[in-house]
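>>> Build me a structure from this.
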Amino acid sequence: MKAASINELKHELLTLPPKKVLELCLRLARFKKENKELLSYLLFDAHDEQGYVESIKKEIDEEFSQLPNGNWYLAKKALRKILKAISKYSKHTTTKESEVELLIHFCLNVKKSGIRFRSYKVLSSLYDQQLKKLNGLVEQVHEDLRFDYKKQLEYLE
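Residues are numbered from 1 along each chain as shown. Predicted structure coming up:
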């Protein structure tokens, strides 16, 4: 079965009554966790982007408090899990600034964590990949914010 294009879906949704659209949204949210998370963000958190980012930062801090310091392999797995969550939450937001803030927060926590990430090639390259991604994202934000973010990036490098 071929999926319809976004334009076709939009046109069809405009022709449906609001009650039917509500039923479709609830049915869509029932089948996939990602759909439910996105719908929750759009309904409850989209109006307060800064509050949403702060709640994610708290969640990241919690994950870092449980980070295993002795074993670099387990630390790598935990860091990848945190990055996966950050990328999932970043998909929900429409602003690059939110993604930049989350990745800067991640990198700051890596530096503060006490993990000797520069001693291990895998952890070092994981960190460097995030810095590279951050450099690209910073170029996409508004120029007033760009200066502040670049100062933070200098500290991280």
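>>> pLDDT (mean, whole number) over the biggest helix by length in the chain?
Longest helix in the chain by number of residues (criterion: DSSP state H): helix 72-92. Here helix 72-92 scores 91 as its mean pLDDT.
>>> which of the residues in that helix are buried?
Neighbour-count burial for helix 72-92, counted by 16 or more other CB atoms under 10 Å, picks out Trp72, Ala75, Lys76, Ala78, Leu79, Ile82, Leu83, Ala85, Ile86, Tyr89, Ser90, His92. Yep, even glycine has a C-beta here, placed from its N, CA and C like the rest.
>>> got it, and stretch 57-75?
Lys57, Ile60, Glu63, Phe64, Leu67, Trp72, Ala75.
>>> quick one: the last one from Asp128, how far?
Pointing back at Ala75 there. Ala75 sits at a distance of 16 Å from Asp128 (criterion: CB to CB, to the nearest Å).
>>> Also the third one?
Relative to Asp128, Glu63 is positioned 21 Å away (criterion: CB to CB).
>>> low-scoring pLDDT stretches of the chain, where are they?
Of all residues in the chain, none has pLDDT under 70.
>>> switch the cut-off to 80
1-4, 9, 69-70, 157 (pLDDT under 80).
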